[in-house]
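In: Any chance you can model this:
(2 chains)
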Number of protein chains: 2
Amino acid sequence: MTGNWFCEENTPGYSVQWRMLQLLHQETTPFQKLMIADLAEWGRTLILDGAVQYTEKDEFIYHEMMAHVPLMSHPNPKEVLIIGGGDGGTLREVLKHRQVTGVDMVEIDRRVVELSQTFLPGVAQGFSDDRVKLYIDDGIKFARETDKKYDIILVDSSDPVGPAIQLYSQAFYKDLYQALNEDGMLVAQSESPLFYPQIFDTVVSNLSGIFPLTRVYLAVVPTYVSGFWSFTAASKCYDPLQLSDDSDNIDGLKYYNRKIHQAAFALPQFIRERLG
Amino acid sequence: MTGNWFCEENTPGYSVQWRMLQLLHQETTPFQKLMIADLAEWGRTLILDGAVQYTEKDEFIYHEMMAHVPLMSHPNPKEVLIIGGGDGGTLREVLKHRQVTGVDMVEIDRRVVELSQTFLPGVAQGFSDDRVKLYIDDGIKFARETDKKYDIILVDSSDPVGPAIQLYSQAFYKDLYQALNEDGMLVAQSESPLFYPQIFDTVVSNLSGIFPLTRVYLAVVPTYVSGFWSFTAASKCYDPLQLSDDSDNIDGLKYYNRKIHQAAFALPQFIRERLG
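Out: Okay, here's the model as predicted:
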């Protein structure tokens, strides 16, 4: 292997090496170590604390599945809250819905947003949309203090290490429950059921202890360890598995479609048994 | 990173490192370089020519999806042919169907079968089943020369490098078409549409040029690069998407179930567009 390689140590026994064409930027913010690089085959990438968060090659999968599943099953999603997601990918997908009239986005690390605007192609435009209000703030604190009510909340968190660990707690989810309208719906990324089953279990059991309806759905995200990725939808009213007749038609998607929406909720036997 | 690591060079820009607890065996056969090792987190593994083919952690996903999708959609699968698959995983799944009365298995490399019987837990028993006949032979030659007719053919091939490249050719698929009964069905593993789109295209277009009905389905196989894996089903009569009412109920599966069967055929938008 020649050239510069970035090594991502996913677990003590499994690492991925990505060949780097160019390191564009690196800095240490008050919250994390941040890198922007161009990778061979995967394109422009954002790396936080040594974990690849965003690659140009497959970011569409994660972001489309995080945003469109709840937005296509809620019949009238007007107000959306995004916790995390400073790269802007989830925001870009949310804004494709014309029904959405306002998006509050809460990102703890200003530099993630600024560097994404500078370096990540195809996501920057969302931040200048009139519907968007960006809060540089702690999502935990924001959720506890806000008086606003949302139709959809998306928890687009990084892995549960360091400050992000609170984004997986039941106390946080309770605050989000309070911040949802009576027919509101929440989606949280819930890691890999195969690689991090304990985290997966924690998210699902914390959410299902609060919300009347909780459902897990899956997508393949090659950038994230094992590719086998999960999201958990928690809803006060509508079933996230059911597409709303009133939902927008969104053109130009690369992963999501109506059949994928429903198929994503079909769970392999070992996950079904894990969920009991 | 300490200890011994096995590096799998998936592409020129992307490699995976697996921590090795113990190297149990290695040899060079007339066909390939073969390794058996115990990996941290992934368990017992079989590595052919530097590519991880089988890990104890997730082999069930690939093998269940290769076998049960065709066997659950064909109403009366009695005679099955497996090309490749010398580790015995696909064979183990096929034998779970009581309707199956005979399985011919054609593996080019005797040592893969022998070492799997010695080293791979949980797959060896299939080879001693009375219904199984093992041919140590070239699958291309076998397909060209056999007079027998099968209900199901499974092409459980390694990546298209070296001798395996012929297992992706239209000439080979034509011979398999001839070796199928009038209502027969074939499934071939067709690599990652995201990582190896050209190979994926080749398999699909070669099969759809011969069979009246061709359908792609997907599963997440973390062991294989990107996790994003495809199979292509080609059928003379029955729709592989439809479960047969007459199919066996199989207990003890870890990935496959009836909902997963149908969900696997839902294709992301970029694959739909690729298929045209």
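In: Need the three-state assignment for residue A:117.
Out: Recorded secondary structure, residue A:117: helix (DSSP: H, G, I helix; E, B strand; the rest coil).
In: Can you tell me the closest non-neighbouring residue to it?
Out: Using C-beta to C-beta, 6 or more residues apart in numbering or on different chains and skipping residues adjacent in sequence, the residue nearest residue A:117 is residue A:124, 4.5 Å away. For every residue, glycine as well, the C-beta is placed using N, CA and C.
In: for residue A:73, same thing?
Out: residue A:240 (4.7 Å).
In: can you count the residues close to the closest residue to chain B within chain A?
Out: Residue nearest to chain B within chain A (C-beta to the nearest C-beta): residue A:227, separated by 2.2 Å. Close neighbours of residue A:227, defined as other C-beta atoms under 10 Å in any protein chain shown, add up to 26.
In: and the closest residue to it other than its chain neighbours, what does it touch?
Out: Excluding its sequence neighbours, the residue lying closest to residue A:227 (C-beta to C-beta, 6+ apart) is residue B:227, at 2.2 Å. By C-beta atoms under 8 Å, 6 or more residues apart in numbering or on different chains, the contact list for residue B:227 reads A:220, A:222, A:226, A:227, A:228, B:220, B:221.
In: buried ones in stretch A:123-137?
Out: Neighbour counts over stretch A:123-137 (16 or more other C-beta atoms under 10 Å in any protein chain shown) mark A:123, A:124, A:126, A:127, A:131, A:132, A:134, A:135 as buried.
In: So for these, which is the shakiest by pLDDT?
Out: Within the buried residues of stretch A:123-137, the minimum per-residue pLDDT falls on residue A:124 (77).
In: got the contact list for that residue?
Out: Counted by C-beta under 8 Å, 6+ apart, residue A:124 has contacts A:88, A:116, A:117, A:118.
In: Now it. Its backbone dihedrals?
Out: Backbone torsions for residue A:124, taken as degrees, to the nearest 10, come to phi -70, psi -30.
In: Next to chain B, which bits of the stretch 51-200 of chain A? Give me the list.
Out: Residues of the stretch 51-200 of chain A found near chain B (C-beta under 8 Å from any C-beta of the partner chain) are A:57, A:58, A:61, A:194, A:195.
In: 10 Å instead?
Out: Neighbours of chain B within the stretch 51-200 of chain A, by C-beta under 10 Å from any C-beta of the partner chain: A:57, A:58, A:60, A:61, A:64, A:65, A:192, A:194, A:195.
In: Return a PyMOL selection command for the buried portion of the residues you listed.
Out: Here is the PyMOL command that selects the buried residues among those (16+ other C-beta under 10 Å):
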select buried, chain A and resi 57+58+60+61+64+65+192+194+195
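In: Just send the residues of the stretch 51-200 of chain A next to chain B back as TSV, with secondary structure and pLDDT too.
Out: Formatted as TSV, those follow (DSSP: H, G, I helix; E, B strand; the rest coil; pLDDT from 0 to 100):
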residue	secondary structure	pLDDT
A:57	coil	94
A:58	coil	95
A:60	helix	96
A:61	helix	97
A:64	helix	98
A:65	helix	98
A:192	coil	93
A:194	coil	90
A:195	coil	87
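In: Distance to residue B:186 added to the residues of the stretch 51-200 of chain A next to chain B, as JSON lines?
Out: Formatted as JSON lines, those follow (distance: C-beta to C-beta, whole Å):
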{"residue": "A:57", "distance to residue B:186": "31"}
{"residue": "A:58", "distance to residue B:186": "30"}
{"residue": "A:60", "distance to residue B:186": "32"}
{"residue": "A:61", "distance to residue B:186": "29"}
{"residue": "A:64", "distance to residue B:186": "32"}
{"residue": "A:65", "distance to residue B:186": "31"}
{"residue": "A:192", "distance to residue B:186": "32"}
{"residue": "A:194", "distance to residue B:186": "29"}
{"residue": "A:195", "distance to residue B:186": "33"}
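In: So which residues of the stretch 51-200 of chain A form helices?
Out: Counting by DSSP state H, counting those that start in this stretch, the stretch 51-200 of chain A has helices at residues A:59-73, A:89-94, A:110-119, A:139-145, A:170-178, A:197-208.
In: Turn these into CSV, columns for distance to residue B:261.
Out: Below are the helices of the stretch 51-200 of chain A laid out as CSV (distance: least, C-beta to C-beta, whole Å):
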stretch, distance to residue B:261
helix A:59-73, 21
helix A:89-94, 29
helix A:110-119, 40
helix A:139-145, 39
helix A:170-178, 33
helix A:197-208, 23
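In: Any regions of chain A where pLDDT drops low?
Out: Low-confidence segments of chain A (pLDDT under 70): A:1-2, A:162-163.
In: Report the central residue of it.
Out: Nearest to the mean C-alpha position of chain A, counting by C-alpha atoms, centre = their mean, stands residue A:156 at 3.1 Å.
In: ok, that residue touching residue A:67?
Out: Yes. If you go by C-beta atoms under 10 Å, residue A:156 and residue A:67 touch, sitting 9.1 Å apart.
In: Can you work out which residues contact both of these two?
Out: Contact with both residue A:156 and residue A:67 is made by residues A:82, A:85, A:89, A:90, A:91, A:187, according to C-beta atoms under 10 Å, 6 or more residues apart in numbering or on different chains.
In: can you tell me which of these lies nearest to residue B:18?
Out: residue A:89 (29.8 Å; C-beta to C-beta).
In: residues contacting the closest residue to that closest one other than its chain neighbours?
Out: With C-beta to C-beta, 6+ apart as the criterion, residue A:89 has its nearest non-adjacent residue at 3.8 Å, and that residue is residue A:63. With contact taken as C-beta under 10 Å, 6+ apart, residue A:63 is in contact with A:54, A:85, A:87-94, A:123, A:154, A:156, A:221, A:254-256.
In: rerun that using 8 Å as the cut-off
Out: With C-beta under 8 Å, 6+ apart, residue A:63 has these contacts: A:89, A:90, A:92, A:93.
In: Ok, residue A:208 next?
Out: A:214, A:234.
In: Quick one: neighbours of the closest residue to residue A:182 other than its chain neighbours, just the number.
Out: Spatial nearest neighbour of residue A:182, excluding adjacent residues (C-beta to C-beta, 6+ apart): residue A:236 at 6.2 Å. Counted by other C-beta under 10 Å, the residues lying close to residue A:236 total 16.
In: Then the one 3 residues further on?
Out: Other residues near residue A:239 come to 14 when the count uses other C-beta under 10 Å.
In: Does it belong to a helix, a strand or coil?
Out: Put simply, residue A:239 is coil when judged by three-state DSSP.
In: What count of nearby residues applies to residue A:203?
Out: Neighbours of residue A:203 (other C-beta under 10 Å): 28.
In: Name the nearest residue to it, sequence neighbours excluded.
Out: Closest residue to residue A:203 apart from its sequence neighbours, by C-beta to C-beta, 6+ apart: residue A:190 at 4.0 Å.
In: so the one you found touches residue A:201, yeah?
Out: No. Using C-beta atoms under 8 Å, residue A:190 makes no contact with residue A:201, being 9.1 Å away.
In: between these two, which one's more packed in?
Out: Per other C-beta under 10 Å, whichever of residue A:190 and residue A:201 has more neighbours is residue A:190, with 26 against 15.
In: Contact partners for that one?
Out: By C-beta under 8 Å, 6+ apart, the residues touching residue A:190 are A:199, A:200, A:203, A:204, A:216, A:230, A:231, A:232.
In: Per the annotation, how does chain A divide into domains?
Out: A:4-55, A:59-275 (automatic domain parsing).
In: Need the winner for burial among the ones you listed.
Out: Mean neighbour count, computed with mean count of other C-beta atoms under 10 Å in any protein chain shown, is highest for domain A:59-275 among those, reaching a mean of 20.
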